[in-house]
Each structure stands twice: as C-alpha cells, then as structure tokens.
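Asks: Give me the fold of what follows.
(chains A and B)
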Amino acid sequence: MKSTVKRLVSATAAAALSLGIAAGAQAASHSETFKIGVVTFLSGGAAESFGVPAWNGGKLLIDMLNKGELPAPYDQKGFGGLMIEAIEIDEAGGATKQVQEFRNLVQREKVDAVLGYVSSGDCLAVPPVAEELKAFLVLYDCGTPRVFEEGSYNYVFRTAAHAAMDNISLAKYMTSRGIKVGSFAGVNQDYAWGHDSWADFVASMGILMPDAKASTALFPKIFAGQYGTEISAVMREKPDLLHSSLWGGDLQAFMLQATARGIHKRMQVALAAGDHVIPQLGQKMPDGIILGARGMNGLAAHAKGGELVDLLWDRYKAEYGVFPVQAPFRMWQGLLGVKAAVEKAMKANGGKKPTAEQMAAAMKGLTWEAPSGTITMALGNGHQAIQPNAIGTTKWDEAKGEMTLVDVEYYAAECVNPPDGVKAVDWIKAGFPGAKCD
Amino acid sequence: MKAFSDIRVASLLALALLVAGGFALPEWALFLMTIGLAKALVSLGIVVQMRAGLVSFGQGLFFCIGAYVAGLMANFAGLTDIFVLTGIAVIACLAVGGLFGPLLANYRGIFFAMLSLSLSMILYGVLSKMNSLGGTDGLNVAAPTFAGYAPEGRALSLSLYLYTSFIVVAIGAVLRTGFDSQHGLVSLAVRSNELRVEYLGASVRRTNAINYVISAMLGGIGGVITGLAIGHVDPEYAYWTTSGEFVFVAILAGYLSIPAVFVASIILELVRSFSNLYFPNTWQMVLGVFLLVIILTLPNGLGSLFHRKREGGS
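Replies: Below is the predicted model:
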C-alpha cells in the first residue's frame, strides 16, 4: 500500500546520493592558474588524424609555455605568467554531449577559456551556449563557414580559416603551375564538408579555368572505407584532374585502393586536406600528388622554416616520433592566439587575470604570429581568422627516407579568403573581388 | 482508491523534491538533471514496450521528430513557446507512431528491434541529405519561452528544469496508473505468454500497437525538451547510437519501476560526465564496465533494488 512511496523515497535517496558524490568529487582548486578546457577527438573516426595529433601538439606547447621555452614574443611563462592548467575532454559523442560537456567545463570546472572542436556540428551547437554563459570560447579547427556567416557572437572566436580557402588555393595552384585541366572529377564524402568542398572547388575552377569541365562528382558515404565503384567510375571517365577532400581513414583507404589501380598515373590527383595521412601512408603516398593542409601547416610550414616552426617541429618529432601534420599546427595557432589575447588583456587591466569580456575585447581583430604564419582576426567582425595557405606536390626523399613537399606555392591570407561581410561562395562566384595576391 | 491516493502522495512528494532540488542545485547539475529526465522519458517509452517483451532500437526516431519540431518551428515559424512546441511534437509523434505502430505490432524480438531501428535510420538519412535543414550539421534552436515569459541565464535553466519536472511527474503518475490498468496488465501477460492472451480474448497486436504509440509520444516530449535545452538539433538524434543509449538506460533501470528509469538516466549522465572529465581517453570503457556490472549484479535492473517483484507482476 505504502510501497510506492517507499520505493520513491529509496529512488530519490539513490539519486541524491549519486549527485552528492558527484558534487563532492569536484576539485576546489582555484589559485592563480589559467584553466583552459581543451576539447578534441580522442576517440572515433577523427581521432587518429586530427584529435590526437592536435592534443599531442597542445600538450607539448602548454608544457613548453609553462617552462618559458618559447622565443619572443611568447617568452613569458604560461599565459602572462599564469601557469596553464588544461582539462581535456573527448569530442566524440555528438553535439548534444558537447553542449553538456561545455556547460560542465564552464559552470562546474570554472575554466577561464575553452579551446576546441573539430566537428562542424559541434562548432555550430556550442557558440550560442558560450554566448549565453558569457564564456570565452575559441574554435580551433572546424571548417564550416556557417559559424560566423549565420551567427554573430561576442565571446566566440575561430583561430583557423574556414574551409573555402583550401579549395580556392587548390584551384589557383592549377593555374599558377600551368596544369592543363580539360575536365575534372571529384570524390568527396556525403556530408556537409564534402559537399561544401566540392562546391567551392567547382566555383573556383569556374572562374579560374572556365574551360575546364566538371564531370563526375561522386559522394561516397563518410567512413565508407571501400571505394572500388568510385575508382572504377572515375577511371572510366578519364578526367585530367581528380579532386578530393577526403580525410582520415577514408583518405588512407582511398589512396591505397586508388593507387593500387594506378589512378595517379592516369590523372592528376589533388587532395584539399591530404597532408595528415602521410605519416600513416609513408611511401604508399605516391609522388606527384598535389595536396593542401588547410593552411601553411605541416610539410609546407617546414619547407618554409622559421624559428618557431623549427623549434616546435623538432620537439614534436623527438617526442612523438612522427612529424607534426596540420592538426597540431592549428592547435598551436589557437593556443598562441589565446596567449596573445590574454597577455594583451593583462597589459590593459594592470596584470590581473583577465575576465571573459576583457579577453574577448583583446582578441577581437587581433593579429599574431604562429608557426603557420601570420593569423589575423579579419572576418566575422573580428572573430574569424584568416591565414596564409600553401599547396605543394609530394616527393619522396630517397636519401632521408621521408616525404617532402616540392613546388610549394604560398598564398597570402587576403588572396584566398573573402573580405569581411562577404560569404565565401558569393565571393568566389563574383570572381574574387578585392583579393590581394602577391 | 487506496492505490490512487498512494500514487498521488508519491507524485506530490516527488514533485516537491524535484522543485526543492531546482533551487538547491548548482546550474550545471540543473542542466544535467533536465537532460537526464528528458532522455529518461524516451527510455520510459522503451520500458512501456519492454513490459510486453519488445525492445525498440529506434526510439531515436521520435526523439528526433520531437527535437526537429522544436528546431523547425523556432527557425521557420518563429514559435518558441514550449507548451505549444510540446503539443505539436506529441501530435506529430502520435501521427507517425499511429502509422507505423500497427505495422510493427506484427513483429517480435530482433525483427521488431531491427525494423524500428531502420525507421529511425531512414529519418537520419533523409535529414542528413537535406541541406536546407543544415544537413549533418543540423541547426540551432532559439531558447524557449514559457507562455510569454522569456527567461535568460539561470532563470532559463531553472524554468526548463521545472517544466521537465512537472511533465516527468505527471507522466510518471499516469503511466503508473496505466501499468496497473487492464491494458498494462495485459502487456505483462503478453510478455509471459502471447498465445494464452489471445485465447483469453485480448488482442496482442492491439496491445503492442498501443504501447508503440505511447512510447512514440514519450519520445517526442523527450526530444522537444532536449532540443530546446541543448539549443541545437542534428540528425544524430535519430542515429542508432542515440537509440542504443535509450535502450542502455531501459536495461539499466529494468521494467519493474518507473522512478528507476529516471534515476538510471541521471546516473548515466553523471557517470558519462565525470568519466569524460577524469578518464578522457577511456570514458567509453568506463561506461561499458558500468553497464556490465549492473547487468551481472542486477539482472532485472536498478528497479529491482527498490521494487521487490510481487507475485503476478506489476
């Protein structure tokens, strides 16, 4: 008779107990450190290519910053003297989980900033929450132009250029290297990234090489793994150029299957974001593949060199046994951007730990030097970065036993990114008005 | 009569506790509770079917419909009132559930599970292809209003939490009554012996169809609340891993007790949240071990802890 009430009481007791344990488990440290939540893929399809190398690079850089091992202007320890304390969170699990975890980072762990997000779905879902909680959020990796083209935020920044740049640069490379393209085909994944990449590339080619004809556009499922049909279809079509924005395991599988059938000998292969599979593929990545790295990252940055690049390159290689691909470079440019913003804000407020408002004010329109070149918060009303890009061609260095990038073309940030207030697609279709190329 | 007042007392007690919790808990916990309770509603839908021996692997379908009702109405019709949105979601899920319920009621076991799963994956596929709705990236949802009241910050979290609490308690009470009603008892009988139920003159098919429609509506309500609380909807809501998570909670709770479903859901959210924080590289394993331990130690779910199975069920 009273059993329902009894049951309910014990149920509530169980719930209260678990909540109590949870609350008790909270760490109560809040001294003069700078707490930063870092969210990236530690498991799932994007972990091997993006999340893990990025976080490896992040750990390394945070450690070096805390020890004050970087050259000027980054020689101050930590962020403006505040030791950096990172809390890492796995990005796997979808946007719903990421919104929850973001709230937990801000409201429970009381982080001072959150740096993260590779998936464009997460990059669209989290910013409104950051805005609501007035929390300083830096998107470091994702490519979708929708974030600042559809929304406007005070506390949200993206320290990496959006994806339009990758495909504009790729098309420009064809013209500047004088590669003859009568027709071109595409193999891109069937989701927003793949469709956007192909659309940007087709539009860019339409302006730069109006005579080139877009032939087959194939959209295999993401994480398909088997590309036999697509490869057959493309080989039958015999285009001069094959465009692909595949990434991660998909790209590895595609390259292994396609090169076994000699696709790279019959047509020019161009990969919009292809550098990150080189450590895994090694020599199985054939010579003569044109590839980009979503910025002047990885091999392209190494080819150019510089104090910051060489230092981080060598340290990364010594620590992890592989060279840093694009992902750690984007992590580095994000972390150094936060460092620059925090230190600028501290200069303005008299050396105190800055609030989210002060950091946001400092980061708006900021320019800083990263291993991947000069980053400028030029778009989205000072919230979206533009950065220089580089495209090159693979060449295996027999003597050193490693992959190198030759015939590298560098593109200034203003050359391959639209001006503020113009949507990337519209800018391409209008013929790149106002582009500043050297 | 006694049973009725018993439920009433329990409901009022539960509501009082939840409301008190709303004012005592920190904001992150409020949010976690809101999501936990909202998702528990979806799992409760599975429990309704589990009582008749069926496990749906496609509750994501209705969860997603509910969430997209909130997202689309907010984006394209400017509707943000949570009461109206919940109503529309219930009607939409009633329609879809009513369409597929009688069809699925013919299937049992793995066939039912796979068919329900395929329906939700069809929705996933369709939404992923619809670039006008944001494709795989989904779309953002504006914050809800409550009959003209448009709170912000903690007030918003609290309002959503209280709204969820009221709904959860009301649904819990209605379902408890339903479980003890003729239909609810027939469901249990279907679980133990279908043939006998048919011989006694009750329709197994009808029972299963009704249970499916009930669970559809529960899924829709859970979806609306989650979509509004998260502020973003994407096709992932209908993906099989999402549906799998609801089954996870249903198994964790068992079919014996309604409060157990809510407790299980909140515990799952807590375990996930803290394992994510403390074991960022192995949180999935922590979740898996947790489920294994529960299954091995409590084969009838958490519910069997505070609900001794009486003879004849209930």
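
Asks: What segments of the stretch 201-314 of chain B are strands?
Replies: For the stretch 201-314 of chain B, strands defined by DSSP state E, counting those that start in this stretch occupy the ranges B:232-233.

Asks: Would you mind naming what in it lies close to chain A?
Replies: Neighbours of chain A within the stretch 201-314 of chain B, by CB under 8 Å from any CB of the partner chain: B:226, B:230-232, B:234, B:236-237, B:239, B:241-242, B:257, B:259-260, B:262-263, B:266-267, B:269-270, B:272-274, B:276-277, B:280-281, B:283-284, B:302, B:305-307. Where C-beta positions appear, they are placed from N, C-alpha and C, glycine not excepted.

Asks: Would you mind confirming that residue A:416 is in contact with residue A:390?
Replies: No: using CB atoms under 8 Å, residue A:416 is not in contact with residue A:390, being 10.2 Å away.

Asks: Mutual contacts of those two, please.
Replies: residue A:169 (CB atoms under 8 Å, 6 or more residues apart in numbering or on different chains).

Asks: any weak-confidence spans in the stretch 101-250 of chain B?
Replies: Residues of the stretch 101-250 of chain B meeting the criterion pLDDT under 70: none.

Asks: Contacts only, for whichever residue of it sits closest to chain A.
Replies: Of all residues in the stretch 101-250 of chain B, residue B:232 sits closest to chain A, at 3.4 Å by CB to the nearest CB. Residue B:232 makes contacts with A:95, A:96, A:99, A:121, A:124, A:125, A:128, B:138, B:139, B:140, B:141, as judged by CB under 8 Å, 6+ apart.

Asks: now the most centrally placed residue in chain A, what's its secondary structure?
Replies: For chain A, the residue nearest the mean C-alpha position is residue A:141 (2.5 Å; CA atoms, centre = their mean). At residue A:141 the chain is in coil, as set by DSSP: H, G, I helix; E, B strand; the rest coil.

Asks: From residue A:162, how far off is it?
Replies: 11 Å (CB to CB, to the nearest Å).

Asks: Neighbours of residue B:20, how many?
Replies: 10 (other CB atoms under 10 Å in any protein chain shown).

Asks: What's opposite residue A:84 in the beta bridge?
Replies: Residue A:84 has the following beta-bridge partners by DSSP bridges: residue A:34.

Asks: I figured it hits residue A:62, correct?
Replies: Yes: judged on CB under 8 Å, residue A:84 makes contact with residue A:62 at a distance of 5.0 Å.

Asks: Let me see the contact set for residue 283.
Replies: Because you didn't say which chain, this covers chain A. By CB under 8 Å, 6+ apart, the neighbours of residue A:283 are A:396, A:403.

Asks: not quite, I wanted chain B
Replies: A:90, B:272, B:275, B:276.

Asks: The closest residue to chain B within the stretch 101-250 of chain A and residue A:107: what is the separation?
Replies: Nearest residue of the stretch 101-250 of chain A to chain B: residue A:125, at 3.4 Å (CB to the nearest CB). Plainly put, residue A:125 is 17 Å away from residue A:107 if you go by CB to CB.

Asks: which residues does residue A:344 contact?
Replies: Contacts for residue A:344 were tallied using CB under 8 Å, 6+ apart; they are A:362, A:363, A:366.

Asks: In which helix or strand does it reside?
Replies: helix A:326-349 (DSSP states H and E).

Asks: Any idea how many residues pack against residue 145?
Replies: Just so you know, I chose chain A. By other CB under 10 Å, the residues close to residue A:145 number 22.

Asks: Correction: the question concerned chain B.
Replies: Around residue B:145 there are 18 residues (other CB under 10 Å).

Asks: Leaving out sequence neighbours, find the closest residue to it.
Replies: Nearest non-adjacent residue to residue B:145, counting by CB to CB, 6 or more residues apart in numbering or on different chains: residue B:80, 4.8 Å away.

Asks: Compute the number of surrounding residues for residue B:65.
Replies: 24.

Asks: Could you export the helix or strand where it lies as CSV, CA atoms only?
Replies: Under the criterion of DSSP H and E, residue B:65 resides in helix B:60-72. What follows is helix B:60-72, C-alpha atoms only, in CSV (Å, rounded to 0.1, in the frame of the first residue of the first chain):
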residue,chain,number,x,y,z
GLY,B,60,15.6,7.9,-31.8
LEU,B,61,13.0,8.3,-34.5
PHE,B,62,10.6,10.0,-32.1
PHE,B,63,13.3,11.7,-30.1
CYS,B,64,14.5,13.3,-33.4
ILE,B,65,11.0,14.2,-34.6
GLY,B,66,10.4,16.0,-31.3
ALA,B,67,13.7,17.8,-31.4
TYR,B,68,13.2,18.8,-35.1
VAL,B,69,9.6,20.1,-34.3
ALA,B,70,11.2,22.4,-31.8
GLY,B,71,14.0,23.4,-34.2
LEU,B,72,11.9,23.9,-37.3
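
Asks: what packs against it?
Replies: helix B:27-50, helix B:82-104, helix B:109-129, helix B:204-230, strand B:232-233, helix B:240-253 (3 or more CB pairs under 8 Å, 6 or more residues apart in numbering or on different chains; DSSP states H and E).

Asks: Let me know the angle separating it from helix B:27-50.
Replies: Helix B:60-72 and helix B:27-50 are oriented at 140 degrees to each other (axes from the mean of the first three to the mean of the last three CA atoms, to 10 degrees).

Asks: who in the stretch 51-200 of chain B is up against chain A?
Replies: B:128-129, B:131, B:134-140, B:143, B:152-153, B:156, B:176.

Asks: The same query, at a cut-off of 6 Å, please.
Replies: B:135, B:136, B:137, B:138, B:140 (CB under 6 Å from any CB of the partner chain).

Asks: who are the neighbours in contact with the third one?
Replies: Shown here is residue B:137, whose contacts under the criterion CB atoms under 6 Å, 6 or more residues apart in numbering or on different chains are A:120, A:121, A:124, A:192.
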